[in-house]
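Peer 1: mind folding the following:
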Amino acid sequence: MSENIIPILQKSKLFADFSPVQLEQVVTHLNPARLSLKGGAVVYTQGKPADRCWLIQSGNLTVMRPSLRKPFRKMIYHVGSVTGIQGLVDPGSPRPVTMIAEDQVELIEITQAGITRLDDKAQMLLWKNISKLLLRKLGTCFARLSPDDD
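Peer 2: All right, here's what the predicted structure looks like:
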């Protein structure tokens, strides 16, 4: 199984700069699992506790927001992109949106449970990568705001 998942982990910014040994640790301790969803299936639901994230292997996702003007927004992902990172950063917190598979989607599911079993260097690198991803997402959000969005 690790042979099939490691190439996707290598393409993900979540595991950027991980050595082959550290990627094997990820497979052993985080136990990533393949998940295949049909179009219309829910990946995660607004208000439900976050406890995992997903790497995109293929397919498209749509976010359903609590907005009447624009309730849906197609998300653009690439192989290795991450969705639901809140599950690693703030486990148990309620998800702010619902994420739906727009078409056939192949995901790699990563739970928060095994992070503490990674060696110290791998943990530090993972948290560094998570910080970079969150800063990039925050910058994107701020770039979309207009001066009237206060």
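Peer 1: got phi/psi on the residue nearest to Ala16 when sequence neighbours are not counted?
Peer 2: Using C-beta to C-beta, 6 or more residues apart in numbering and skipping residues adjacent in sequence, the residue nearest Ala16 is Asn129, 5.3 Å away. For the C-beta atoms, the positions are set from N, CA and C on the backbone; glycine is no exception. Note on Asn129: its backbone torsions stand at phi -70, psi -40 [degrees, to the nearest 10].
Peer 1: run a quick neighbour tally on Asn129.
Peer 2: Other residues lying near Asn129 total 18 when counted by other C-beta atoms under 10 Å.
Peer 1: residues touching it, list them.
Peer 2: When contacts are counted by C-beta atoms under 8 Å, 6 or more residues apart in numbering, Asn129 touches 13-17.
Peer 1: and what of Ile85?
Peer 2: Ile85 sits next to 14, 53, 130, 133-134 when contact means C-beta under 8 Å, 6+ apart.
Peer 1: cutoff 6 Å now
Peer 2: Cys53 (C-beta atoms under 6 Å, 6 or more residues apart in numbering).
Peer 1: just the pLDDT for it.
Peer 2: What the model reports as pLDDT for Ile85 is 92.
Peer 1: do you know how far it is from Thr98?
Peer 2: Distance, Ile85 to Thr98, using C-beta to C-beta, to the nearest Å: 16 Å.
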